[in-house]
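**Student:** fold the following, please.
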Amino acid sequence: MATPQTVELAKTLPPRLLRFFQRYPPPQLFPTITSQIAATPADSPDTISTTPPADANAPVAEISAPDAVAINPADMPFPNPFQPTKNFTTGRWHGPVYGLRKQADLVKLASAHGVVDLLPWTIKKPGEKEARRIERGLTVKGTGEGQRVKGKLWERTLKGRLEMRRQAMLDMPRLIQEWKQKGHGRGWKKWPSGKAKK
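**Tutor:** Here you go, the predicted model:
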């Protein structure tokens, strides 16, 4: 079942990690754990209750014990204690067994003792935050891959205004010549339509 190396490793772990691994044993250390859990002993009941009844008169939804456990060895034989779970009978969600603060503490302990790979998946594992930042971008809207930052109104219209100024500067010699021909403003039309506003 457990190799001598894992027993020696377990002796060096702090009690908090030992309690966690006793409650949620890592499948990679115990390859036969799924077959042990799937096999129901003779003294255990044939059915287990998945949820408490909503009211006292409602019948309790029961399923057989072998169906309740995933026999696939690649999957964990228990729900991830770091993730919320859904009760499909009632449709309600249950929060994770360990909150984010406790998850961070467990990951720090496990990384200090070199057993962080034995923990179930959590956002607090090393490298997960960086991977999410690469995938989703920064929290600023528009900084992800293929997105643009919206910007202020003056920033969005700056390119067009600079182009209008450039065209006006290129057209300035013609404008000065027209000003001089019309008597330095005496016949100058203030408005393009020729009608002065009153």
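**Student:** burial count for Leu170?
**Tutor:** Leu170 is flanked by 9 other residues according to other C-beta atoms under 10 Å. C-beta here means a position set from N, CA and C on the backbone, and glycine is covered the same way.
**Student:** cool, and Pro120?
**Tutor:** 19.
**Student:** list the contacts of the spatially closest residue to Leu100 that is not a sequence neighbour.
**Tutor:** Leaving aside its sequence neighbours, Leu100 sits nearest to Lys124 (C-beta to C-beta, 6 or more residues apart in numbering; 6.9 Å). The contact partners of Lys124, taken as C-beta atoms under 8 Å, 6 or more residues apart in numbering, are Phe82, Leu100, Gln103, Ala104, Val107.
**Student:** ok, now which ones touch Val116?
**Tutor:** By C-beta under 8 Å, 6+ apart, Val116 lies in contact with Val107, Ala110, Lys125, Pro126.
**Student:** look up how far Arg133 lies from Thr122.
**Tutor:** Distance, Thr122 to Arg133, by C-beta to C-beta, to the nearest Å: 16 Å.
**Student:** typo on my end, Gly95
**Tutor:** According to C-beta to C-beta, Gly95 stands 25 Å off from Arg133.
**Student:** neighbour count winner among those two?
**Tutor:** Between Gly95 and Arg133, counting by other C-beta under 10 Å, Arg133 is the more crowded of the two (13 against 9).
**Student:** that one belongs to a strand, doesn't it?
**Tutor:** No: counting by DSSP: H, G, I helix; E, B strand; the rest coil, Arg133 is not found in a strand; it is helix.
**Student:** quick revisit: which element is the residue nearest to Leu100 on?
**Tutor:** Secondary structure assignment for Lys124, by DSSP states H and E: no helix or strand.
**Student:** for the protein, just list every one of the strands.
**Tutor:** Using DSSP state E, the strands assigned to the chain run over residues 47-49, 62-64, 85-87, 92-94.
**Student:** show the contacting residues for the residue nearest to Leu9 when sequence neighbours are not counted.
**Tutor:** Leaving aside its sequence neighbours, Leu9 sits nearest to Val115 (C-beta to C-beta, 6+ apart; 7.1 Å). Taking C-beta under 8 Å, 6+ apart, we find Val115 in contact with Leu9, Leu13, Leu17.
**Student:** please report how far the first one lies from Val107.
**Tutor:** Using C-beta to C-beta, we find Leu9 at a distance of 17 Å from Val107.
**Student:** got CSV for the contacts of Val115, with neighbour count, distance to Gly151 and pLDDT too?
**Tutor:** Converted to CSV, these look like this (neighbours: other C-beta atoms under 10 Å; distance: C-beta to C-beta, whole Å; pLDDT from 0 to 100):
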residue, neighbour count, distance to Gly151, pLDDT
Leu9, 16, 54, 74
Leu13, 17, 52, 88
Leu17, 19, 49, 91
